[in-house]
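In: need a 3D model of the sequence below.
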Amino acid sequence: GLAGMLEAVYAAERVVLCSSGTAALQLAIRVAAAHAGERGPVALPAYTCYDVAAAAIGADTGPGLALFDVEPTGLAPDFDSLERVLRAGARVVVVSPLYGIPVDWDAIQALCDEHGAVLVEDAAQGHGASWRGRPVGALGRISVLSFGRGKGWTGGKGGALLLRGAVAAADVVTAAQTATT
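Out: Predicted structure coming up:
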């Protein structure tokens with residue numbers, strides 16, 4: 001089915017299908033917060049879709065939100081701004097490669113790792129794009145896809161949470177899903 005195809009195309013160890021991309025992102029933030037182990041603000045790009053903030057607020061994982069700037073040319077995170085929110089205690093970081101423009105995932109991951117933060121790839125707008133031979137949506141340990149109207153890959157509605165590595169562990173996902181009820 002769809003979950004198996006997503007596992008293969010996006011090199012995911014676990015796929016959780018959701019009612020929307022926003023619901024998938026909300027679950028992703030909960031999984032990331034559970035995996036981070038420490039409470040802290042969720043860091044979001046200052047320029048992104050309002051559904052990203054709605055998902056972070058709905059996840060209700062900690063003491064608010066922290067915004068980081070994006071570069072005007074490619075809309076990738078501004079590293080100085082991102083590092084400021086990480087030093088201020090952000091433990092979950094959402095990066096959205098907007099309009100299918102890939103970002104330097106390895107550099108962002110290294111910065112988050114240095115500060116003990118869990119990175120979430122919001123690839124809702126990334127269908128068809130790739131970075132270093134891998135599709136956008138296959139870069140993070142936690143990735144989100146959206147199939148809503150207006151997306152590059154539409155199914156009318158729905159979304160998917162894609163997990164790799166340690167975050168694919170059932171106990172973290174179960175804890176995050178339990179928090180949604």
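In: how many other residues sit next to residue 85?
Out: Here the number of neighbours of residue 85 (other CB atoms under 10 Å) works out to 23. Using the backbone N, CA and C atoms, a C-beta is placed for each residue, glycine as well.
In: how about the strands of this protein, start to end?
Out: 14-18, 42-45, 65-68, 92-95, 118-122, 130-131, 134-135, 142-146, 159-163 (DSSP state E).
In: need the ones you listed in TSV (columns: mean neighbour count, distance to residue 75 and mean pLDDT).
Out: Below are those laid out as TSV (neighbours: other CB atoms under 10 Å; distance: least, CB to CB, whole Å; pLDDT from 0 to 100):
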stretch	mean neighbour count	distance to residue 75	mean pLDDT
strand 14-18	19	25	94
strand 42-45	26	8	97
strand 65-68	19	12	96
strand 92-95	28	10	98
strand 118-122	27	12	96
strand 130-131	16	14	82
strand 134-135	16	18	92
strand 142-146	30	17	95
strand 159-163	26	21	95
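In: make a markdown table from the ones you listed and add distance to residue 7 to it.
Out: A markdown table is the format used below for the strands of the chain (distance: least, CB to CB, whole Å):
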| stretch | distance to residue 7 |
| --- | --- |
| strand 14-18 | 5 |
| strand 42-45 | 27 |
| strand 65-68 | 31 |
| strand 92-95 | 22 |
| strand 118-122 | 16 |
| strand 130-131 | 18 |
| strand 134-135 | 13 |
| strand 142-146 | 12 |
| strand 159-163 | 8 |
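In: who wins for proximity to residue 4 among those?
Out: For these, proximity to residue 4 was assessed by CB to CB; strand 14-18 is nearest, at 8.0 Å.
In: list the helices and strands that closest one packs on?
Out: helix 2-9, helix 21-36, strand 159-163, helix 170-179 (3 or more CB pairs under 8 Å, 6 or more residues apart in numbering; DSSP states H and E).
In: mind redoing it with 10 Å?
Out: helix 2-9, helix 21-36, strand 142-146, strand 159-163, helix 170-179 (3 or more CB pairs under 10 Å, 6 or more residues apart in numbering; DSSP states H and E).
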